[in-house]
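Novice: Sequence first, then the predicted structure:
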Amino acid sequence: MDAENTQESTKARERGNELYRKGQLSKATKEYEKAARLAPSDPSPLSNLSAATFEAGKYAECINFATKALGLLQDDPSTSSVRERLLTRQARAYLHLSDLDRGQEVLAKIDSTKEAKGLLDLLKGLRESNTFPAQPALLREMSLQLPRLRPSIQDETQYFAFGHDVAESQYNHELKESTAKDPVLAMMLCGVGDARHLYHTIADYFGTREGSQKLHITILDHKPAVMARNMIFFSLLHQISINKASGDTVSLSLSYLYCAQIVPPFAWEKLQETISGLVSQLEDGQQPVPFVSLSVSQMDMIVRVLKGWQSGPATSYETGRIRRVIPDHFDGVIPSMNRRSFPECVADHEAFDDFFVMFPPEAALSRFEPELSALVTNYKNGIGGARKLVGNYIDKHWKVNATLIDVEWQARWEPEDLPDMALHPCTIVQAVTMNALELEAPEGESTYCILNHLAEFFERVRLSCFLLGDRLTVEVIIGDMADAMERLRYGVLDRFTRGKVVEEPEPPITTSWPQTYHIVHVSNIPDYVGGSLTSFLYGGHILKEGKGTGLTSCVLRNPGEWESVDHFNAEHLLMHDRAMIQKHFQVRLANGSDFEEDGFSFPSNAGMTVYFRWERCQSGRYSLEQLMSRGSLSKWLLAHFLKICIPFPRPHVDFVLVYAPLNMTVLMRLLAQMAEIGYPGHWLSSIITSLASGEITTTARAPEKFVLDPPTVDKVYPSRAICVKPWVAEFTTLVTQWRGLFPFAVTVPSGLLPPPATITEYSVKIPPRPASNIAISHFMLVFLDYKKYGEPPKNLYKTLLDDERGDTTTSVRKVRADGINVLSTFKWVAKESTATFWLRSDVVDLMLQGDWRMFTWKTDKWTRLTPGVPLKDCLSQKRTWRECVTST
C-alpha cells in the first residue's frame, strides 16, 4: 500500500470520525468511502462504514460493509475484538431487517459476551412475536377498527343541521392552472354539514372550467342525519331539472327546508313526497340522484333517518311550542347584521321578529294559502288582532322542519328537551349567498324576498349540476374523518356501489374514484379531534402535490386561545418550526394563505377563523442530518406519550374550549410515520423498550399548562427518571397489535412485549352516573389494586405525575409501581353502559387473582365518574387477537 495513500486514508477516517461524533452521518460516510478508496486492503474504513450506515438505519448496507471488512481481517488474536464488533453489528443489522435466521447464524460465531447475550434476547423477543401467521389485510383492518380518540360517555354526538362559517368555493385560480391536464379534479369535504361549500364549489367550477375534465367531490360526515338531509336537497335539485313545470314550488320548498325552523304546508308535503321517493329507491339499492353516489352498505343508515322524519317523534313537535323557544335559542337577540345584509327585505325581518317564521313571496302565499295571505295583509296593515290570528294559523297549519331533528340524538334526552334551532334563517342565507354573485330582489317583487335570494343561489347550483352531467360525481361517505382518510390511504374504503344503479351498471372504478385529492377540506373538525396532529397524520397522506392543492382548515371553537398558527401547532404537534413540520408531516403552509408570514401574531381572536391551506410536499425519506437528533426525537415522542397519558387539567368551567382527546394509538402512528421519513428502526425500538420497561429517562415532561406555546414546547427539562408503569399494559398491548404493521422491526428484549396470542378483547359493565361534559372525549378506565391500596387517591393527577409537580411520597410511588393500570383506548356503548378494550391477558389474569376494581375517570378536571366495581364482577372475555387476524 502506498504510504502517502495510507496517510491520506487515515486523515479521511479521522475527519469521518469527527463528523460521526457530531451526528453528520452522510458527510462521515463520504469521508469513510474516500478512506476506503485510498486504502482498499484496510478493513478499518469499511468497519467505519458499517457503523455509519447502521446508525443511519441502512441495515443492508451495514451488513455489506461488515462482510467486506471481515474478509480483509487477518485471522489472528490481534483482530478478534474487531471481528467480534463487526459480527455483533452485522447480527444486529440482520435483526433489524427481520432476517432472524441469518442473525442467529452470525450470533453463533460470537463468543458469549454480554452484548451477544443481549442480542440473543432480542432474537428471542422477535421470535415470540411470530407465534402465528397474521394475515396482513386482517391485521390492517383490526388496527383501523381500534378507537383513535378517548371515548365520550355520551356516545351519540350532537347533530348540527346548519353550518356556521361563510360558504366558500374550494376551487381557486392556482388549482385551475395546476390541474389543467388532470382528467379528474378531486376534492374531499369533511364535516360537510349543510353542504354550503359543496354548492359554491360546484357552481364556481362550472362557471370557470371548460372541457372534459371530471369533478369528483367526496363529502363526508359522521352523522347519518346530515347526509340524509343532504340527500333530500340533492333530490330536490334534481327534481327541478326534470320537472320544470313545478320548479318554482320545488325551489321554494328547498329554500325553506334549508334555512327555516318552521315550514309551510306545501314545503312539508314536498318534503314527505321526496322522502318517500328516496326511501323506495334506497331500499331497492338504487342511486336516487344521477350525480350522487352512495355506498349500498350505508343506504340503510340514510333510510333509517328518513323514516324517522316521516313519522314518530320528529313529526310530533308542536309548532307553537317551537316558535316560543326559538328566541331563547337566540338569547333574545336577532343579529343586526342580518338587516344590514338584506335592507330590501324589511318585511322578512319584521315577520320573523313577530312570528319566528319566514313568509313566502306574496304571489306564492296567495296561491298556496289564500287564507293566510289575507291574514298577513291585515297584519301588515296594522289591523287589530291580526297578529294573533296569523300566529294561530301558523301553529295549526305549518310544521316544524323535521330535517333539523336527529331522532337518535333526541332519544337520549328528556321529552322536554327540545332540538337545537339556534340560527336565524337570515344568518344562514347571508353566509351561504354572500360569496356568490350579487343577488338582488327583482324590481317590483314582494318585500318577502330573503327566500328568493336563496332560491336564486340554488338555481345556479342546479344548473351547474345539470350541465356538468356525467362530469360531476358527488360521493357520499358516512363515517369518521380519520377512519375514512386512513382507509383511503390503504385502499380499503368501502365506497363503490354494489347494488342497482339508475344510470349505469357499475360506477367507474378508475380515475373517477380518486385515492388522493387535490383539496381536503376539514373545516374546524380538528378543534375536536386533536388539532393539526390529526389533520396532518391522516389528511396529509391522501393529498396530491401541486400548486393550489392542500389541506384546508380553520379554528372556530377556540380561536381566542391562539396567538398564531405556530401557537396552534405547538399545542397539538409539540412542534412549531415550519421547516420541521414540513419534514415530519410532508406539508407546508401554502404561499398565499392568509397570515402566512413567520412569526405573525394575530391582532384579534378572528385571526385563526380564516382558512389555512397546507400543501403536500414531496414525500420520501430524509437524511438524519435533516431531521432531529436522537435525543431530540426521543424527547419529542416521549413528550407526546406524557401529553396523551397525563393531559393538563382543563379550566373548571362547563364549556371546555381546548380538548385533549387523543388516545395511545396516535403514538403508534407517530412511530410509523417517523420510520417512513427516515428515522432508524433501532432509535424507535429503543424508545419502545424504555416505555415497555415502565421507566423512562427523559428531558420531556407532561404539559405544565393548559395550552402549550412554542417556548414551552422547546424547553429542555433536567433529565429525570419517570415511572410510566400505569400505562405499560396498554402500551405493550398496542405495540404487539401494531408490530406487523410498523415499517421497521421492533427489536426489544424478550418478555417486554406480550406474545400476540395473549392479546384478548374484554368488556366491562359500568354503572351509569350523571355528569357534565359527557359528550367530550376525555374519559379513561382506571384499574386499582383495592386490596393492597384501598380507595383511589383523592388527587389521581398528582399520583400519576412522576415529576417535579407530582406526588413523590413513598406510598404513592408504590401505587404507581404496581397498584394501578390506566387505559385510554376503549370503545363505549352508552345504551349498554359497556366499555370494550383489548389488553394482554397476563395482566388481566393477575388483576383477577387479586381484588382489583375498575373506575371511570374524567381527564378534564381529573375527577372520578363512577365508583369502583370489582373486576371479577363486571369483566367478560369476548375474542382473541389471534382469531381476528388469522385466516382461521
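Specialist: Everything's here; your move.
Novice: what about residue 461, neighbour count?
Specialist: 21 (other CB atoms under 10 Å). Where C-beta positions appear, they are placed from N, C-alpha and C, glycine not excepted.
Novice: How about the secondary structure of it?
Specialist: Look at residue 461: counting by DSSP: H, G, I helix; E, B strand; the rest coil, its state is helix.
Novice: Could you verify my assumption that it touches residue 205?
Specialist: No: applying CB atoms under 8 Å as the test, residue 461 and residue 205 come out as separate, 11.0 Å apart.
Novice: which ones are touching residue 848?
Specialist: By CB atoms under 8 Å, 6 or more residues apart in numbering, residue 848 lies in contact with 871, 872, 875.
Novice: From residue 356, how far off is residue 349?
Specialist: Distance of residue 349 to residue 356, computed by CB to CB, to the nearest Å: 12 Å.
Novice: again with residue 523
Specialist: 28 Å.
Novice: cool, and residue 569?
Specialist: For residue 569, the distance to residue 356 - CB to CB - is 43 Å.
Novice: so how far is stretch 136-152 from its chain's centroid?
Specialist: Centroid displacement of stretch 136-152 relative to its chain, using CA atoms, centre = their mean, to the nearest Å, is 13 Å.
Novice: average pLDDT for that stretch?
Specialist: Stretch 136-152 carries an average pLDDT of 94.
Novice: can you check stretch 567-581 too?
Specialist: Averaged over stretch 567-581, pLDDT sits at 96.
Novice: Determine how far the last residue of that stretch lies from the first.
Specialist: Start-to-end span of stretch 567-581 (CA to CA, to the nearest Å) is 13 Å.
Novice: And the lowest mean pLDDT element among the helices and strands of the protein?
Specialist: Of all helical and strand segments in the chain, the minimum by mean pLDDT, DSSP states H and E falls on helix 337-341, at a mean of 53.
Novice: Show the subsequent helix or strand relative to it.
Specialist: helix 346-355 (DSSP states H and E).
Novice: Okay, buried residues for that next one please.
Specialist: 347, 348, 349, 351, 352, 355 (16 or more other CB atoms under 10 Å).
Novice: My guess is the third one contacts residue 427. True?
Specialist: No: taking CB under 8 Å as the contact criterion, residue 349 and residue 427 are not neighbours in contact, 11.8 Å apart.
Novice: so where do the strands sit in the stretch 251-400 of the chain?
Specialist: Counting by DSSP state E, counting those that start in this stretch, the segments of the stretch 251-400 of the chain that form strands are 262-263, 292-294, 399-400.
Novice: other SSEs contacting the last one?
Specialist: The one in question is strand 399-400. Contact here means 3 or more CB pairs under 8 Å, 6 or more residues apart in numbering; DSSP states H and E; on that basis strand 399-400 packs against strand 262-263, helix 319-329.
Novice: Out of the strands of the stretch 251-400 of the chain, which is closest to residue 8?
Specialist: With CB to CB as the measure, strand 292-294 is the member of those nearest residue 8 (67.8 Å).
Novice: got a pLDDT number for the spatially closest residue to residue 813 that is not a sequence neighbour?
Specialist: Spatially, and ignoring its direct neighbours in sequence, residue 813 is nearest to residue 723 (7.3 Å; CB to CB, 6 or more residues apart in numbering). Reported pLDDT at residue 723 in the predicted model: 97.
Novice: List the beta-bridge partners for residue 723.
Specialist: Note on residue 723: beta-bridge partners by DSSP bridges are residue 695.
Novice: quick revisit: pick the one among the buried residues of helix 346-355 closest to residue 558.
Specialist: Taking the buried residues of helix 346-355 together and measuring to residue 558 by CB to CB, the closest member is residue 352, at 30.5 Å.
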